[in-house]
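Chemist: structure for this input, please:
(one chain, ligands or ions: 1)
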Amino acid sequence: MKNVDDLIESAAELAARGLSKGEIADELNVSRETASWLVERSGATAQPTDMPTREGAATPGSSPQDIHVDWSAVGRDSKRMGAIAEAMADMLAKHGEGVDLTIGIEKAGGPIATLVARELETDLGTYTPAKHQWEEGDIEELGGTFSRNFAGIRDRECYIVDDTITSGTTMRETIEAIRAEGGEPLACVVLADKQGLEELEGVPVYSLLQVISVGKEE
Ligand SMILES: O=P(O)(O)OC[C@H]1O[C@H](OP(=O)(O)OP(=O)(O)O)[C@H](O)[C@@H]1O
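Modeler: So this is what the prediction gives:
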């Protein structure tokens, strides 16, 4: 994907296939506000059932403050993924050798976390955020889930791995979910952090790329 016109075209195609704006956001790896804006710009109509928008949503006609991060050149190639995971593991390594668990956030964080866990020689767990279960109604009433096919959390220190931070909602939810299970997140790492965070809920955040907007708010 090269420019915003490609994104608008992709959003139109996904809307034509019957996807909601939330699903289009997931597919294109942009915020829901941006997905909404792309769909509006394309002139298409997305399915009505959708995620609630957050504060700061773009109003119709105004352009959203978001950046699309396309990391598919890495994601499509296991060798490149391995190299990136090595770099991500290196950022976490300073937190000590006692950590023996890495949690990946589904879906995109799962494959990356697998390679990071291999690099760090830790166990592997996965967390599926509440948004993946959302259909309609209040998302606050839903919880995410830890897969039983992977390692358990209870009373263990761990790292958290995902591809991107956009608003930080997913990472914050994952930190809280791990703590609710009795675990202790020591650090998070992502490929790209669009918030430029140093920490979240008291947990250090590392990223290979910090995406920092220098544009003026209108
Ligand atoms: O900081 P936030 O605003 O919460 O957004 C970041 C999240 O959004 C993306 O997931 P997505 O919903 O696209 O799901 P996927 O990982 O299954 O593709 C990304 O993988 C993060 O988990």
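Chemist: what's the following helix or strand after the helix or strand bottoming out on mean pLDDT in the chain?
Modeler: The weakest-scoring helix or strand in the chain, judged by mean pLDDT, DSSP states H and E, is helix 21-28 (a mean of 80). Using DSSP states H and E, the helix or strand that follows helix 21-28 in sequence is helix 32-42.
Chemist: now the element after that following helix, going C-ward?
Modeler: With DSSP H and E, the next secondary element past helix 32-42 is helix 72-75.
Chemist: what mean pLDDT does the helix or strand that comes right after that following helix get?
Modeler: For helix 72-75, the following helix or strand on the C-terminal side (DSSP H and E) is helix 78-92. Average pLDDT, helix 78-92: 97.
Chemist: residues in contact with helix 78-92?
Modeler: 73-75, 99, 111-112, 115-116, 118-120, 159, 161, 187, 189, 191, 206, 208 (Cβ atoms under 8 Å, 6 or more residues apart in numbering). Every C-beta, even on glycine, is put in place using the N, C-alpha and C of the backbone.
Chemist: buried subset of these?
Modeler: Neighbour-count burial (16 or more other Cβ atoms under 10 Å) applied to the contacts of helix 78-92 gives 74-75, 99, 111-112, 115-116, 119-120, 159, 161, 187, 189, 191, 206.
Chemist: state the pair within the residues you listed that is farthest apart.
Modeler: Using Cβ to Cβ, the pair of the buried ones among the contacts of helix 78-92 lying farthest apart is Gly75 and Val99, separated by 25.2 Å.
Chemist: just say helix, strand or coil for the most centrally placed residue in the chain.
Modeler: In the chain, the centroid-proximal residue (Cα atoms, centre = their mean) is Thr164; its distance is 4.4 Å. Assigned with DSSP: H, G, I helix; E, B strand; the rest coil, Thr164 falls in the strand class.
Chemist: do you know the pLDDT at it?
Modeler: 96.
Chemist: quick check, it in contact with Asn29.
Modeler: Yes: using Cβ atoms under 8 Å, Thr164 is in contact with Asn29, at 6.4 Å.
Chemist: identify the contacts common to the two.
Modeler: Val69, Ala108.
Chemist: how about the contacts made by Gly109?
Modeler: With Cβ under 8 Å, 6+ apart, Gly109 has these contacts: Thr126, Val161, Asp162, Asp163.
Chemist: who's the second one bridged to?
Modeler: Spelled out, it's Val161. Val161 has these beta-bridge partners by DSSP bridges: Gly104, Val189.
Chemist: state the pLDDT value of it.
Modeler: According to the model, Val161 scores 98 on pLDDT.
Chemist: pull up the gap between it and Trp37, please.
Modeler: 29 Å (Cβ to Cβ, to the nearest Å).
Chemist: I'm done for today, thanks for sticking with me.
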